[in-house]
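# Give me a model of this one.
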Amino acid sequence: MPDWSVIAIRSLGALIMLFLLTRILGKKQISQLTFFEYILGITLGDLAGFISTDIEANYLHGVVAMLVWFLIPLVVELLALKSKKMRQLFEGSGRVMVKEGKVLEDNLKKERLSLDELLEQMRGKNVFNVADVEFAVMETNGELSILLKKENQPLTPKTFGIKSVNEVEPQTVVMDGDILDEPLATIGLNRGWLTTELEKIGVSVENVFLAQVDAYQQLYVDLYDDKIKVPAPQGKALLLATLKKTQADLELFAAATRNEEAKLMYERSSQEMASVIDSLTPMLRG
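Residues are numbered from 1 along each chain as shown. Here you go, the predicted model:
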């Protein structure tokens, strides 16, 4: 058998084995590498490359080496899940780098981190002034977690006592001029609805590069020709206006009727409608 075919077969086997081993070890290998996992990843990759190209070496020996480098970390990880001391031993622990706007120089030295590197990581979190920071912690994966001082934290609806709602993921219903039926069905719509909405804004499906529908059945369209302006969706505004008009009509009916029972009914319905409008306004104006 030619050498190139042997290398191809060995490489394929090593690739499959490496893929399976890293899948078992979990996605943490990719997203949150600790020192131990960093060493593990380098070694497994090196072993895979070695047994792939060194045709004179015993393939089985390389496989055994990879299994050893896989099984020991797997056992360590299982032990770390059950023991905090094991986690601290193999993964380390977070270290405070900034406290109440003051940089802790001793902790910088312990992490072998320069002030420039600390400031660079802070800028990566959109923090440019150390004095704005309440706490900054260097996590075990090397990421810097930052808690701003209360007065420097971004304002939220909760700050003003405004009710907010959880947003639902928009569905992509047109991509590259093709209608996607499954996302349409997910939000309870069909091609007829989509065609009607596109006709309202004078656009054909073939001219649509991307179209998305949000939880309020508002259609957002991006055309191939960026020079063509598409009207902004008005579904929320129209619904809010309709609700307010309904409340106004109920108040008008209450003022116009001479029947006391009907008057009370209209007034009660108007109050209920006002309550509905108050609860829906954060959604319909967002």
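
# For the stretch 1-150 of the chain, which segments count as strands?
Listed in chain order, the strands of the stretch 1-150 of the chain (DSSP state E, counting those that start in this stretch) span 95-99, 102-103, 133-138, 144-148.

# now those in a markdown table, with mean neighbour count?
In short, each C-beta sits where N, CA and C put it, glycine included. Putting the strands of the stretch 1-150 of the chain into a markdown table (neighbours: other Cβ atoms under 10 Å) gives the following:
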| stretch | mean neighbour count |
| --- | --- |
| strand 95-99 | 18 |
| strand 102-103 | 12 |
| strand 133-138 | 20 |
| strand 144-148 | 16 |
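
# Need those in CSV (columns: mean pLDDT and distance to Lys82).
Output for those, formatted as CSV (pLDDT from 0 to 100; distance: least, Cβ to Cβ, whole Å):
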stretch, mean pLDDT, distance to Lys82
strand 95-99, 92, 24
strand 102-103, 93, 36
strand 133-138, 92, 24
strand 144-148, 92, 25
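
# Generate a markdown table for the ones you listed, with distance to Leu78 as supplementary columns.
Output for the strands of the stretch 1-150 of the chain, formatted as a markdown table (distance: least, Cβ to Cβ, whole Å):
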| stretch | distance to Leu78 |
| --- | --- |
| strand 95-99 | 26 |
| strand 102-103 | 38 |
| strand 133-138 | 26 |
| strand 144-148 | 26 |
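
# Flag the shaky bits of the stretch 151-286 of the chain, pLDDT-wise.
Counting by pLDDT under 70, the stretch 151-286 of the chain contains low-confidence ranges at 157, 160-167, 285-286.

# go with 90
Applying pLDDT under 90 to the stretch 151-286 of the chain flags the ranges 151-170, 186-188, 197, 200-204, 214-218, 220, 224-243, 254-263, 274-286.

# show me where it has strands.
Going by DSSP E, counting those that start in this stretch, the stretch 151-286 of the chain shows strands at 171-175, 178-179, 208-213, 219-223.

# Put together JSON lines for those, with mean neighbour count and distance to Asn107 on each row.
Below are the strands of the stretch 151-286 of the chain laid out as JSON lines (neighbours: other Cβ atoms under 10 Å; distance: least, Cβ to Cβ, whole Å):
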{"stretch": "strand 171-175", "mean neighbour count": "20", "distance to Asn107": "46"}
{"stretch": "strand 178-179", "mean neighbour count": "14", "distance to Asn107": "55"}
{"stretch": "strand 208-213", "mean neighbour count": "20", "distance to Asn107": "46"}
{"stretch": "strand 219-223", "mean neighbour count": "18", "distance to Asn107": "47"}
